[in-house]
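Asks: Everything below, folded, please.
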Amino acid sequence: MTKITKTIEIQATPDKVYAFMLSDKMNEVWGQWIKGTWTTEGPIRVGSIAHWVAQPGFKIKGEWDEEVLELEPNKKMVLKTTPGSKMNLTTTGLYEPSANGTNVTYIEEYQVPYSIIGKLYDKISFRKDTEKFLEAMMANLKKAIEV
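Replies: Numbering: from 1, shown residues only. Predicted coordinates for the structure are as follows:
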């Protein structure tokens, strides 16, 4: 498994950041790469499903679903791809109070499919592209919330 961790400080309270992360406004942050929607009705809870669609030009192709595995409002959310997804992916969001607002930490753990070819692709390109994507996503998140 490859693990990438990125942290950024956002000048907003953890509850404001957390609420933004659960809303459709997240597409403002992810939108140029990925569009997501919650497909489970009602409030987001453990077991809720998010459906993601990669946008044209993004390195990842296709669609996938992630299920909420852990949820601590204003503190933590963990999602994992559902069975049948090509990629094994776990994403974790942590929201910790800081002197100026909230430290947001995003952790992505994944395994590229296709065994040896996938591992080679990850080393050559995918990991670097994913790190750039996460850095840009975090900067977009900060900009969107601090407006």
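Asks: those helices in this protein, which residues are they?
Replies: Remark: helices assigned in the chain by DSSP state H are 14-22, 26-30, 115-121, 127-146.
Asks: what angle sits between the longest one and helix 14-22?
Replies: Regarding helix 127-146 and helix 14-22, their directions subtend 120 degrees when assessed with axes from the mean of the first three to the mean of the last three Cα atoms, to 10 degrees.
Asks: Helix 127-146: how far from the chain's middle?
Replies: 10 Å (Cα atoms, centre = their mean, to the nearest Å).
Asks: Quick one: mean pLDDT for it?
Replies: On average, the pLDDT along helix 127-146 is 90.
Asks: Okay, residue 33 and residue 70: tell me how far apart.
Replies: Residue 33 sits 24 Å away from residue 70, taking Cβ to Cβ, to the nearest Å as the criterion. The way it works is simple: take the backbone N, C-alpha and C, and place the C-beta from them, glycine included.
Asks: got JSON lines for the helices of the chain, with distance to residue 39 too?
Replies: Shown next, in JSON lines, are the helices of the chain (distance: least, Cβ to Cβ, whole Å):
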{"stretch": "helix 14-22", "distance to residue 39": "14"}
{"stretch": "helix 26-30", "distance to residue 39": "14"}
{"stretch": "helix 115-121", "distance to residue 39": "27"}
{"stretch": "helix 127-146", "distance to residue 39": "21"}
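Asks: Just put the ones you listed in JSON lines and tack on mean neighbour count and distance to residue 8.
Replies: Converted to JSON lines, the helices of the chain look like this (neighbours: other Cβ atoms under 10 Å; distance: least, Cβ to Cβ, whole Å):
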{"stretch": "helix 14-22", "mean neighbour count": "18", "distance to residue 8": "10"}
{"stretch": "helix 26-30", "mean neighbour count": "18", "distance to residue 8": "12"}
{"stretch": "helix 115-121", "mean neighbour count": "12", "distance to residue 8": "27"}
{"stretch": "helix 127-146", "mean neighbour count": "16", "distance to residue 8": "4"}
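Asks: Mind pulling up the pLDDT for the residue of the chain most remote from its centre?
Replies: Computed with Cα atoms, centre = their mean, the maximum C-alpha offset from the centroid of the chain is found at residue 116, amounting to 25.4 Å. With respect to pLDDT, residue 116 scores 82.
Asks: what residues are up against it?
Replies: Contact analysis of residue 116 by Cβ atoms under 8 Å, 6 or more residues apart in numbering lists nothing.
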